[in-house]
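Student: got a predicted structure here, sequence first:
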Amino acid sequence: MNTSLRRLAPSILAADFANLGNQVTIAAQAGADRIHIDVMDGHFVPNLSMGEPIIKSLRPVTKLPLEVHLMVTDPDLFLEEFAAAGADSFIVHYEGNKNLHRTLQKAKSLGKKIGVALNPATPASALEAILSELDLVLVMTVNPGFGNQHFLPFTLTKITQVERLLQEQNHSAEIEVDGGIDATTILLAQRAGATVFVAGTFIFQNPRGILQAMDALQKSSSVLTS
């Protein structure tokens, strides 16, 4: 694991939407590497969240990459629309995808980076056939659909397994984690092999504010590099 590559991806699912542009700007100033946008269709997960208008509205606000996490039953229906709105990369789920390889190819044909997410119960071995196609692997450290959930410790083993698979294939895809990330769990995930950390509630709903929350994450994750 190259710990110098740790990156923070604030998830706007937990942001104040009446003040979204300003909060994204603050997160960028505090050292965010990208902005994580959770799209839910109410079918793949039992929740409904943001769509194309949010991506389009954020594109003029920040120069940071907009990473769109598609928790939907048919991601192919959204790729072109979201790409045109300003998305820089997509993450689609292994589970329930009609033709995962076709989805990956479609995202690449649009000139976008592509990642695959694994739910907590999905094994790392599911990635073996497609790993070479990926720019990123997202290990869900909670069950997808809602923010403010507790980190599932058993997913740490999967992070390490994904890192091992990447090493075996001599592939440099990022390993991202999403769910329950705070100043304690970020260190656990980093030790397991993760290099990109999605955090929503801890950043945008932190009583100390966005700047101090981001600083706490950065200081905690820097322990392994000091």
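Tutor: Nice, thanks for sending it over.
Student: quick one: the helices in the chain?
Tutor: In the chain, the segments counted as helices under DSSP state H are 20-29, 52-58, 79-85, 100-109, 155-168, 185-192, 201-204, 210-221.
Student: buried residues, the fourth one. List them.
Tutor: What it means is helix 100-109. Using 16 or more other CB atoms under 10 Å as the burial criterion, the residues of helix 100-109 that qualify are Leu100, Thr103, Leu104, Lys106, Ala107. To be clear about C-beta, it is placed using only N, CA and C from the backbone, and glycine gets the same treatment.
Student: output it as PDB, nothing but the C-alphas.
Tutor: The C-alpha atoms that make up helix 100-109 are tabulated as PDB, following Å, rounded to 0.1, in the frame of the first residue of the first chain:
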ATOM      1  CA  LEU A 100     -21.500  -5.200 -16.000                       C
ATOM      2  CA  HIS A 101     -18.800  -5.400 -18.700                       C
ATOM      3  CA  ARG A 102     -21.000  -3.500 -21.100                       C
ATOM      4  CA  THR A 103     -21.600  -0.800 -18.500                       C
ATOM      5  CA  LEU A 104     -17.900  -0.400 -18.000                       C
ATOM      6  CA  GLN A 105     -17.200  -0.100 -21.700                       C
ATOM      7  CA  LYS A 106     -20.000   2.500 -22.100                       C
ATOM      8  CA  ALA A 107     -18.500   4.700 -19.300                       C
ATOM      9  CA  LYS A 108     -15.100   4.400 -21.000                       C
ATOM     10  CA  SER A 109     -16.500   5.300 -24.400                       C
END
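Student: any idea of the mean pLDDT in stretch 205-222?
Tutor: Mean pLDDT, computed over stretch 205-222, is 93.
Student: contact partners of that stretch?
Tutor: Outside stretch 205-222, the residues within contact range by CB atoms under 8 Å, 6 or more residues apart in numbering are 3, 6, 8, 10, 14, 23, 26-27, 29-32, 148, 181-184, 186-187, 190, 197, 199, 202-204.
Student: apply 6 Å and report the result again.
Tutor: Outside stretch 205-222, the residues that touch it by CB atoms under 6 Å, 6 or more residues apart in numbering are 6, 8, 14, 26-27, 30-31, 183, 186-187, 190, 202-203.
Student: top of those by neighbour count?
Tutor: Each of those was scored for neighbours by other CB atoms under 10 Å, and Ile203 scores highest at 30 neighbours.
Student: list the contacts of stretch 167-185.
Tutor: Stretch 167-185 has contacts (CB under 6 Å, 6+ apart) with 131, 134-142, 149-151, 162, 166, 189, 193-199, 202, 216, 220.
Student: meant to ask about stretch 13-28
Tutor: Outside stretch 13-28, the residues within contact range by CB under 6 Å, 6+ apart are Pro10, Ile35, Asp38, Val61, Thr62, Leu64, Gly147, Gly200, Thr201, Phe204, Gln205, Ile210.
Student: of those residues, which belong to strands?
Tutor: Within these, residues falling in strands by DSSP state E are Pro10, Ile35, Asp38.
Student: out of the helices of the chain, deepest packed?
Tutor: helix 201-204 (a mean of 24; mean count of other CB atoms under 10 Å).
Student: so which elements touch that helix?
Tutor: On a contact count with 3 or more CB pairs under 6 Å, 6 or more residues apart in numbering; DSSP states H and E, helix 201-204 meets helix 210-221.
Student: angle of the helix it packs on against helix 20-29?
Tutor: Counting by axes from the mean of the first three to the mean of the last three CA atoms, to 10 degrees, helix 210-221 lies at 40 degrees to helix 20-29.
Student: grab the nearest non-local neighbour of Ala126.
Tutor: In space, and not counting its chain neighbours, Ala126 is closest to Tyr94: 5.4 Å by CB to CB, 6 or more residues apart in numbering.
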